[in-house]
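> sequence first, then the predicted structure, then my questions.
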Amino acid sequence: MSNRKAIKIIGLREKVYPGAFVELSIWQVPEPVSGCTHPYKYRLAYVIDGECVLRYDNERGKGDHRHFANVETPYTFRSVSQLYADFYANVQVWNRWRST
């Protein structure tokens, strides 16, 4: 096990509109989380009226995955910038889906 410590890449909570916010937490870790091959631990969530409607995370043992509309699917992690892009694209999809 490494003596290096985790480095916070981002810790942010941002209002999207009244009653909705995104919360981003990404850490660079000394060793990959169980089930992953990359050196990041992350949780990106979109919360509306107190309910998490979208989340990307890599929970220990489960690896990279996404929760969207109460369905969990595997997620292929490519890079931190691609993770942001995929998450925010899904926020837009959710907002369009919600408004129909």
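Sure thing, it's come through.
> wait, Lys41 touches Ser34, no?
No - Lys41 is beyond contact range of Ser34, at 10.6 Å (criterion: Cβ atoms under 8 Å). Bear in mind the C-beta positions are built from the backbone N, C-alpha and C, glycine included.
> of these two, which one has the most company?
Between Lys41 and Ser34, counted using other Cβ atoms under 10 Å, Lys41 has the larger neighbour count: 19 against 11.
> what residues of stretch 23-41 count as buried?
For stretch 23-41, burial by neighbour count (16 or more other Cβ atoms under 10 Å) applies to 24-29, 33, 36, 38, 40-41.
> tell me which helix or strand Val91 sits in.
helix 80-98 (DSSP states H and E).
> list the buried residues for that helix?
Of all the residues in helix 80-98, those buried under the rule 16+ other Cβ under 10 Å are 83-84, 86-87, 90-91, 94.
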